[in-house]
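Peer 1: I'd like to go over a predicted model; first the sequence, then the structure.
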Amino acid sequence: MDLKSNHTAPVLTDPAPISKSRLGVHSSSLLPYSPTGAAFSPNLFLNIPRKKTGVLDDVRSTSWLDAMKSSSPPHKKITKDLNNDLSSDTDAAYRTWLLKYPSALASFEKITNFAKGKRLALFLDYDGTLSPIVDNPDCAFMSNSMRAVVKKVAQCFPTAIISGRSRDKVYEFVGLTELYYAGSHGMDIVGPVRQSVSDAHPNCIRSSDKQGKEVNLFQPASEFLPMINEVFSSLVEATKDIEGATVENNKFCVSVHYRNVAEKSWKSVADRVQAIIEKFPRLRLTHGRKVLEVRPVIDWDKGKAVTFLLESLGLSNCDDVLPIYVGDDRTDEDAFKVLRERKCGYGILVSNTPKESSAYYSLRDPSEVMEFLKSLVMWKKSSAL
């Protein structure tokens with residue numbers, strides 16, 4: 001693939017419905033908690049010990065309440081002057097933090113110098129990256145100006161959105177056919193058709209989008225759908241009397257949002273979620289920014305999704321490829337780690353408060369993300385002259 005010319009991805013909307021026969025599984029294997037087990041690759045299973053101590057599965061040294069607080073720091077407004085430098089009233093801790101995670105805008109020339117002669121691929125989180133964090137998750141709309149910029153950047157480089165949201169919901173928010181979409185933390189991917197990828201992944205099948213174009217549909221946790229739906233219904237019922245709590249079905253994971261819940265009630269939220277998930281040993285509980293997420297216990301995350309998409313795009317050769325991943329949440333750390341380990345890409349953390357990360361660079365908020373994307377488009381056009 002020559003990225004010196006404009007790139008147009010296939011139209012990525014909902015693929016054609018998948019029947020059980022197309023998935024190649026029998027009805028007896030559709031219940032992942034049945035004694036017969038799941039039909040998908042056993043290599044994807046994670047060996048996570050179950051706990052009954054009120055501690056989240058992915059938190060080892062702190063209580064779940066501490067984890068909820070630490071993953072949901074209060075927003076701290078950072079001001080800046082016309083020269084894009086930190087103003088005099090900026091917290092010294094943030095200035096120190098920027099020494100370790102410099103601004104991707106201030107470091108743009110360094111990034112593009114490294115990108116010369118390489119094929120660039122762009123991966124973007126949605127919430128907090130392309131859209132602001134809002135109280136109602138159903139109202140996390142991206143601005144028209146951001147949409148226009150994302151469309152332009154996708155015409156220059158292969159671009160994918162990898163979100164914890166369901167793929168359908170992300171597409172509804174974004175509405176661009178030039179992109180690739182991966183929902184449910186990469187457990188629901190529609191990408192370009194490559195025979196080698198289909199052969200390598202037993203959970204990758206050929207499908208068609210609404211325009212009839214052939215695409216690859218990859219859903220490594222498809223066997224968990226009945227269980228996820230059951231947990232979703234149980235969580236809705238269990239949290240209905242907690243004011244401000246909302247439960248979102250993201251197809252292959254369930255999100256329990258406590259952004260609008262009084263902090264004194266956070267314990268009730270976590271207790272009820274934990275009580276339900278203990279009945280499902282093949283699900284695990286993770287946390288993000290004011291959200292608890294129930295996910296299948298398989299070895300798959302946003303980092304694996306990045307690797308899969310690079311393979312699908314024919315961009316798995318590190319020598320001449322520069323992947324860039326922009327995200328704001330702890331689930332994006334899996335992608336940052338993959339790029340750091342590959343030593344061929346950059347993770348960019350969107351944050352206006354200091355936090356440890358595997359990213360190389362930082363941006364403060366979605367407005368700076370938009371400026372960074374604009375700069376990439378301008379660089380691409382100027383380098384083509």
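Peer 2: Received the coordinates, thanks. Numbering: from 1, shown residues only.
Peer 1: from here on, contacts and neighbour counts on C-alpha atoms
Peer 2: Fine.
Peer 1: Now stretch 315-335: buried residues?
Peer 2: Along stretch 315-335, these residues count as buried under the neighbour rule (16 or more other CA atoms under 10 Å): 315-316, 318, 321-335.
Peer 1: Stretch 305-315 too?
Peer 2: 305-313, 315.
Peer 1: which one among those gets closest to V254?
Peer 2: A305 (18.5 Å; CA to CA).
Peer 1: what packs against the helix or strand containing the closest one?
Peer 2: Secondary structure from DSSP states H and E places A305 in helix 302-312. Of the remaining helices and strands, those touching helix 302-312 by 3 or more CA pairs under 8 Å, 6 or more residues apart in numbering; DSSP states H and E are strand 188-191, helix 333-342.
Peer 1: one more time with 7 Å
Peer 2: Taking 3 or more CA pairs under 7 Å, 6 or more residues apart in numbering; DSSP states H and E as contact, the helices and strands that helix 302-312 lies on are helix 333-342.
Peer 1: outside of the helix it packs on, which residues touch it?
Peer 2: Outside helix 333-342, the residues within contact range by CA atoms under 7 Å, 6 or more residues apart in numbering are 301-303, 306, 325, 345-347, 357-359.
Peer 1: go on, stretch 93-111?
Peer 2: Residues external to stretch 93-111 that are found in contact with it (CA under 7 Å, 6+ apart): 353-354, 360-363, 372.
Peer 1: what about that stretch, average pLDDT?
Peer 2: Averaging the model's pLDDT scores along stretch 93-111 yields 96.
Peer 1: can you pull the buried residues of that stretch?
Peer 2: Judged by neighbour count using 16+ other CA under 10 Å, the buried positions of stretch 93-111 are 94, 98, 101-105, 108, 111.
Peer 1: Phi first, then psi, for the closest residue to R282 other than its chain neighbours.
Peer 2: Using CA to CA, 6 or more residues apart in numbering and skipping residues adjacent in sequence, the residue nearest R282 is V297, 5.3 Å away. Its backbone dihedrals place V297 at phi -90, psi 80, with angles given as degrees, to the nearest 10.
Peer 1: Hmm, T286 and V297 touching each other?
Peer 2: No. V297 is beyond contact range of T286, at 10.8 Å (criterion: CA atoms under 7 Å).
Peer 1: circling back to that earlier point, can you give me the angle the helix holding A305 makes with helix 333-342?
Peer 2: Relative orientation of helix 302-312 and helix 333-342, computed by axes from the mean of the first three to the mean of the last three CA atoms, to 10 degrees: 60 degrees.
Peer 1: can you pull the alpha-carbon coordinates of helix 302-312 into PDB?
Peer 2: Written as PDB, here are the backbone C-alpha positions of helix 302-312 (Å, rounded to 0.1, in the frame of the first residue of the first chain):
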ATOM      1  CA  LYS A 302      -6.800  -2.500  22.400                       C
ATOM      2  CA  GLY A 303      -3.100  -3.400  21.900                       C
ATOM      3  CA  LYS A 304      -4.000  -6.700  20.300                       C
ATOM      4  CA  ALA A 305      -6.500  -4.700  18.100                       C
ATOM      5  CA  VAL A 306      -3.800  -2.400  16.900                       C
ATOM      6  CA  THR A 307      -1.600  -5.400  16.000                       C
ATOM      7  CA  PHE A 308      -4.500  -7.100  14.200                       C
ATOM      8  CA  LEU A 309      -5.300  -3.900  12.200                       C
ATOM      9  CA  LEU A 310      -1.700  -3.400  11.200                       C
ATOM     10  CA  GLU A 311      -1.600  -6.900   9.900                       C
ATOM     11  CA  SER A 312      -4.900  -6.400   8.100                       C
END
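Peer 1: Beyond that helix, next helix or strand please.
Peer 2: Tracing the chain past helix 302-312, the next element assigned as helix or strand by DSSP H and E is strand 321-327.
Peer 1: Name the residues that touch that following strand?
Peer 2: Residues outside strand 321-327 that contact it (CA under 7 Å, 6+ apart): 115, 118-125, 129, 315, 336, 344-350.
Peer 1: about what we covered before: run the chain-centre distance for the helix holding A305.
Peer 2: The chain centroid and the centroid of helix 302-312 are separated by 12 Å under CA atoms, centre = their mean, to the nearest Å.
Peer 1: try stretch 331-341
Peer 2: 11 Å.
Peer 1: Please put the alpha-carbon coordinates of it into PDB.
Peer 2: Output in PDB follows, covering the C-alpha atoms of stretch 331-341 (Å, rounded to 0.1, in the frame of the first residue of the first chain):
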ATOM      1  CA  THR A 331      -7.500   0.900  28.500                       C
ATOM      2  CA  ASP A 332      -5.500   2.800  25.900                       C
ATOM      3  CA  GLU A 333      -2.300   1.800  27.800                       C
ATOM      4  CA  ASP A 334      -2.400  -1.600  26.200                       C
ATOM      5  CA  ALA A 335      -2.000   0.000  22.800                       C
ATOM      6  CA  PHE A 336       0.700   2.300  24.100                       C
ATOM      7  CA  LYS A 337       2.600  -0.700  25.500                       C
ATOM      8  CA  VAL A 338       2.400  -2.500  22.100                       C
ATOM      9  CA  LEU A 339       3.900   0.500  20.200                       C
ATOM     10  CA  ARG A 340       6.600   0.900  22.800                       C
ATOM     11  CA  GLU A 341       7.500  -2.800  22.700                       C
END
